[in-house]
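Enquirer: sequence? don't have it. structure:
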C-alpha cells in the first residue's frame, strides 16, 4: 500500500497513477509501515512541502498527524490558511490583513474545521515524540504520521562520550520501528547542514551520510532543493531571475524509481504544485474562484 500526493491537483490517496504528478510517478507514492525521509537544507521548503501534502491528504479524507518540534501549531495553522485562501502568508503571519481579507480567512478556517488534521507541538524528547505518535494512532486513528524534524529531538541515553550522530541513529531507528508497528505512512523530516551548499548543489545521499544511520533507515528518501533561495544572496546568485522551481530529488526508493521531479513553489501561499512548464498549478478556474470568494465579502 502506498499513498499518492496528488501534487498536480489530482486526487491524493490509494488510486492509480493517472493524472498524478511526476513526483508520484517516480516514487509510486508514500509507503505504509516504512520510513520516508524528507531532507533539505535550511530555507529549502522541506517543512512546507510536507505540510502541503498533509493538507491534500486531509482534504481527501485521510487522517493525518504531525509532531512538530520545528514550528508551533499557530504557524502551521497560518500556513494552512495561506495555502487555501487568496491571502498571502506574510500578511497572515504579521497580522496585517484587511477587514475583507479577515472575513475571507474566517470562511476558509470554517472549512478546515472538518479536516482530520492533528498537531502536537509540545514534544521535545524522543520518549515524548513516541508517546504522541502512539496517542495519535490510538485516539484519532491516523493514517499518516509526521515528525518535524528528527535533528531537534532530545535524547539522553546516559552513555558517556556519545556523539550526536550516535543519538540520531537511535532516534531514527526507534521512530522507524514505531511507524511499522502503528501501520501508518511515516514521514521523518530532516535538516541537512550547510556544508557544500550552493545554487547548483542539490543534496544527495552523500549529504545524508553525515546524519547517523538516516541513509540506511530511509526506505524512501527525498531531498528538497530551491535555487531561488540562493538567488536572494548576491554572492551566490547565478544571475537568473526567480522561477519558483522546487526540485524533489528522489534519491532512494526501495519500491520504485529514483530521479528528480520538478514542482512549482508558491511561497506567498505555501503551496507546492505541478511544475506545468513553470506556469504552476493555479489554473484560471481556481484563480477565478479565489477572486469571487474575496469579492463576496466586499
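Expert: Ah, there it is. Keep in mind that what you see is a predicted model, and the values were worked out from it rather than measured. Residues are numbered from 1 along each chain as shown.

Enquirer: Okay, and the residue most central in space within the chain sits in which element?
Expert: The geometric centre of the chain, computed from its C-alpha atoms, lies nearest to residue 50 (CA atoms, centre = their mean), at 1.1 Å. Following DSSP states H and E, one finds residue 50 within helix 46-59.

Enquirer: where's that helix relative to the chain centroid, distance-wise?
Expert: 5 Å (CA atoms, centre = their mean, to the nearest Å).

Enquirer: what residues does it touch?
Expert: With CB atoms under 8 Å, 6 or more residues apart in numbering as the test, helix 46-59 has contacts from 3, 5-7, 12-13, 38-40, 64, 66, 70-71, 76, 79-80, 83-84, 115-117, 143-144, 146, 148-149, 187, 189-191, 224, 246, 248, 263, 270-272. For the C-beta atoms, the positions are set from N, CA and C on the backbone; glycine is no exception.

Enquirer: Residue 189 and residue 147 touch, don't they?
Expert: Yes. If you go by CB atoms under 8 Å, residue 189 and residue 147 touch, sitting 6.7 Å apart.

Enquirer: ok, the two, which is more surrounded?
Expert: residue 147 (31 against 26; other CB atoms under 10 Å).

Enquirer: Report the contact partners of the more buried one.
Expert: Residue 147 sits next to 66, 67, 69, 129, 133, 153, 175, 187, 188, 189 when contact means CB under 8 Å, 6+ apart.

Enquirer: Quickly note the distance from the residue nearest to the centre of the chain to residue 224.
Expert: 9 Å (CB to CB, to the nearest Å).

Enquirer: again, but for residue 65
Expert: To residue 224, residue 65 is 21 Å away according to CB to CB.

Enquirer: picking that back up, can you tell me how far the residue nearest to the centre of the chain is from residue 68?
Expert: Using CB to CB, residue 50 is found at 10 Å from residue 68.

Enquirer: Now do the shared contacts for those two.
Expert: 146, 148.

Enquirer: mind listing the strands for the chain?
Expert: 2-3, 30-31, 35-40, 64-68, 117-120, 144-148, 185-191, 220-225, 245-253, 259-266, 271-274 (DSSP state E).

Enquirer: Run the angle between the longest one and strand 35-40 for me.
Expert: It stands for strand 245-253. Put simply, strand 245-253 runs at 140 degrees to strand 35-40, going by axes from the mean of the first three to the mean of the last three CA atoms, to 10 degrees.

Enquirer: Strand 245-253 packs against which elements?
Expert: Using 3 or more CB pairs under 8 Å, 6 or more residues apart in numbering; DSSP states H and E, the elements in contact with strand 245-253 are helix 22-27, helix 205-208, strand 220-225, helix 227-231, strand 259-266.

Enquirer: With mean pLDDT as extra columns, can I get the ones you listed in TSV?
Expert: Output for the helices and strands packed on strand 245-253, formatted as TSV (pLDDT from 0 to 100):
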stretch	mean pLDDT
helix 22-27	86
helix 205-208	80
strand 220-225	94
helix 227-231	76
strand 259-266	90
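
Enquirer: Please identify the most buried of these.
Expert: With neighbours taken as mean count of other CB atoms under 10 Å, those reach their highest mean count in strand 220-225, at a mean of 26.

Enquirer: So what touches that strand?
Expert: With contacts defined as CB under 8 Å, 6+ apart, strand 220-225 is touched by 27, 30-31, 34-41, 44-46, 49, 192, 202-205, 207-208, 215, 246-256.

Enquirer: now do 7 Å
Expert: Residues from elsewhere that reach strand 220-225 (CB atoms under 7 Å, 6 or more residues apart in numbering): 27, 30-31, 34, 36-40, 44-46, 49, 202-205, 208, 246-253.

Enquirer: need the contact list for residue 204.
Expert: 223, 249, 251.

Enquirer: In the stretch 51-200 of the chain, what residue spans correspond to helices?
Expert: With DSSP state H, counting those that start in this stretch as the criterion, the stretch 51-200 of the chain has helices at 73-84, 89-94, 99-112, 126-140, 164-182.
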